[in-house]
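# structure, please.
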Amino acid sequence: MTVLQLDRASASPWGPVLLDNISLALQPGQVLGLAGPNGAGKSSLLRLIAGDISLSDGRLLLNGKPRVDWSARPLARKLAYLPQLSLLNFPYTVEEVVALGRMPHDTGLTIDNAILSRAMAATDITGLSGRLYTRLSGGEKQRVQLARVFSQIWDAGVGGLLLLDEPTTALDLSHQQLVISAVRHLADTGCAVALAIHDLNLVAGLADTIAVLEKGRIAACGSPQQVFTEAMFRDVFDIDVVIQQHPGRDQPLVISR
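Predicted structure coming up:
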């Protein structure tokens with residue numbers, strides 16, 4: 001079963017073309033990393049999949065069904081999306097914010113509470129549970145929002161799809177690794193993941209497949225070893241880098257000259 005399939009998908013919701021002729025497929029348990037310069041279309045692609053913007057051409061299927069044919073509640077049980085900026089100005093407690101992720105589900109209080117506990121532990125916010133969200137630091141708010149989308153998709157398993165736009169922004173190294181571990185856990189359950197991260201070495205160690213976007217089109221797509229080449233960085237990012245084998249992991253290491 002293919003979780004996500006885009007066939008020659010294009011989007012121009014406000015006139016100018018944001019995405020042009022995008023073809024991708026994402027299988028259960030697969031992690032797709034989106035890379036590219038600022039304005040390349042990474043966030044637009046995630047927004048298209050999430051339904052924030054509409055197709056102007058092509059097809060977008062979720063679990064074999066056109067995205068537009070999904071009703072809101074069944075879709076929310078299968079797809080969770082964290083944008084770059086999450087605005088919430090109500091004085092909810094941290095636990096109340098995370099619990100918003102369980103609203104589409106009918107799994108009952110016992111299961112919901114267990115999932116909330118796991119999602120909060122995975123993002124190291126258990127100790128913040130009674131704090132008001134509006135009084136948290138930027139990094140703490142980011143971890144709360146991550147726990148919210150994790151709780152929404154935690155039990156989706158095969159057929160689930162998690163979309164993350166710059167999820168490690170404002171996080172220190174320790175909490176970045178916690179988030180990466182949580183993403184790996186969800187992928188191990190069969191949930192597919194698509195995420196955009198500017199830290200290319202971080203995404204090289206996490207993603208099975210990397211799609212490099214340039215001006216709304218896919219410039220390269222494949223494994224990190226296939227995609228991360230010195231020529232690609234010169235052509236797409238306009239920078240000179242050295243690509244080496246990571247000394248401790250089976251992944252390329254990108255070093256700026």
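
# helix, strand or coil: sort out residue 182 for me.
In the three-state summary, residue 182 is assigned as helix, counting by DSSP: H, G, I helix; E, B strand; the rest coil.

# identify the residue nearest the residue nearest the centre of the chain in space, chain neighbours excluded?
Nearest to the mean C-alpha position of the chain, counting by Cα atoms, centre = their mean, stands residue 164 at 2.2 Å. For residue 164, the nearest residue in space outside its immediate sequence neighbours is residue 195; the separation is 3.9 Å by Cβ to Cβ, 6 or more residues apart in numbering. Where you see a C-beta, it was placed from the backbone N, CA and C, and this is true even at glycine.

# neighbours of the one you found, just the number please.
25 (other Cβ atoms under 10 Å).

# report the buried residues of whichever strand or helix holds residue 142.
Element membership of residue 142 [criterion: DSSP states H and E] is helix 138-153. Within helix 138-153, the residues that count as buried by 16 or more other Cβ atoms under 10 Å are 140-153.

# among those residues, which two are most distant?
When the buried residues of helix 138-153 are compared pair by pair using Cβ to Cβ, the two farthest from each other are 140 and 153, 21.1 Å apart.

# close enough to count as contact, residue 211 and residue 221?
Yes. Shown here, residue 211 and residue 221 form a contact pair, counting by Cβ atoms under 8 Å, at 4.6 Å.

# give me the more crowded residue out of these two.
The neighbour comparison of residue 211 against residue 221 (other Cβ under 10 Å) goes to residue 211, with 25 against 16.

# wasn't the more buried one part of a helix?
No. In this structure, residue 211 is strand, not part of a helix, as judged by three-state DSSP.

# strands of the stretch 101-250 of the chain, start to end?
If you assign secondary structure with DSSP state E, counting those that start in this stretch, the strands in the stretch 101-250 of the chain sit at 161-165, 192-196, 209-214, 217-222, 241-245.

# tell me how far residue 154 lies from residue 169.
As for residue 154, its distance to residue 169 is 22 Å (criterion: Cβ to Cβ, to the nearest Å).

# same check, this time on residue 159
Applying Cβ to Cβ, the value for residue 159 to residue 169 is 28 Å.

# check residue 39 too.
The separation that residue 39 has from residue 169, given Cβ to Cβ, amounts to 17 Å.

# got it, and residue 202?
Taking Cβ to Cβ as the measure, residue 202 and residue 169 are separated by 12 Å.

# more crowded one of the two?
Counted by other Cβ under 10 Å, residue 202 and residue 169 do not tie: residue 202 has more neighbours, with 18 against 15.

# I'd assumed residue 177 was in contact with that one.
No. Assessed by Cβ under 8 Å, residue 202 is found out of contact with residue 177, at 9.3 Å.

# before we move on, the earlier item: touching both of residue 211 and residue 221, which residues are there?
Contact criterion Cβ atoms under 8 Å, 6 or more residues apart in numbering; residues shared by residue 211 and residue 221: residue 24.

# now tabulate the buried residues of helix 138-153 in CSV and tack on distance to residue 72 and pLDDT.
Listed next are the buried residues of helix 138-153 as CSV, based on distance: Cβ to Cβ, whole Å; pLDDT from 0 to 100:
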residue, distance to residue 72, pLDDT
140, 29, 95
141, 25, 95
142, 25, 95
143, 26, 96
144, 23, 97
145, 20, 96
146, 22, 97
147, 22, 97
148, 17, 97
149, 16, 98
150, 20, 98
151, 18, 98
152, 13, 98
153, 15, 97
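
# so which elements touch the helix holding residue 142?
Using 3 or more Cβ pairs under 8 Å, 6 or more residues apart in numbering; DSSP states H and E as the contact criterion, the secondary-structure elements in contact with helix 138-153 are strand 79-82, helix 94-99, helix 109-122, strand 161-165, helix 173-188.
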